[in-house]
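>>> Sequence unavailable; structure follows:
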């Protein structure tokens, strides 16, 4: 069964949210400062993706109205 663009974006959004949680957790538990910083950076990048995807969902919903 084919998914709508909004459904696909929502799936991607959930994956990005999971990545934020995972990377944040890895940053907390990493002992090496460079590794810790890398995971913090990745978490911040994923937060940007979350925001972009949320904006896309809003656009799709607005267009459907």
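Received, thanks. A quick note: this is a predicted structure, and the numbers were derived from the prediction, not measured.

>>> in this protein, which spans are helices?
Using DSSP state H, the helices of the chain run over residues 5-29, 33-64.

>>> Report the mean confidence score over the longest one.
Within the predicted structure, the mean pLDDT of helix 33-64 is 93.

>>> Let's have the helices of the chain in CSV, adding mean neighbour count.
All C-beta spots, glycine's among them, are computed from the backbone N, C-alpha and C. Output for those, formatted as CSV (neighbours: other C-beta atoms under 10 Å):
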stretch, mean neighbour count
helix 5-29, 15
helix 33-64, 14
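
>>> Got phi/psi on residue 2?
Here is the backbone geometry of residue 2 (degrees, to the nearest 10): phi -80, psi 140.

>>> Please tell me the pLDDT value assigned to it.
pLDDT for residue 2: 87.

>>> Residue 16 too?
Looking at residue 16, its pLDDT is 97.

>>> Please shift the residue numbers so they start at 25 in all later answers.
That works, and once the first residue is 25, the last one we named lands at residue 40.

>>> Please report how far residue 47 lies from residue 41.
Computed as C-beta to C-beta, to the nearest Å, the residue 47 to residue 41 distance reads 11 Å.

>>> Quick check: the gap between the residue most central in space within the chain and residue 57.
Residue closest to the average C-alpha location in the chain (C-alpha atoms, centre = their mean): residue 40, at 2.3 Å. Distance, residue 40 to residue 57, by C-beta to C-beta: 26 Å.

>>> what's the span of stretch 49-59, first residue to last?
12 Å (C-alpha to C-alpha, to the nearest Å).

>>> which other residues reach it?
For stretch 49-59, the surrounding residues in contact (C-beta atoms under 8 Å, 6 or more residues apart in numbering) are 60, 61, 63, 64, 67.

>>> let's see 10 Å
Residues outside stretch 49-59 that contact it (C-beta atoms under 10 Å, 6 or more residues apart in numbering): 60, 61, 62, 63, 64, 65, 66, 67, 68.

>>> Report pLDDT for the residue lying closest to the fourth one once chain neighbours are set aside.
The reference is to residue 63. Excluding the flanking residues, the one nearest residue 63 by C-beta to C-beta, 6 or more residues apart in numbering is residue 51, at 3.7 Å. Here the pLDDT value assigned to residue 51 is 98.
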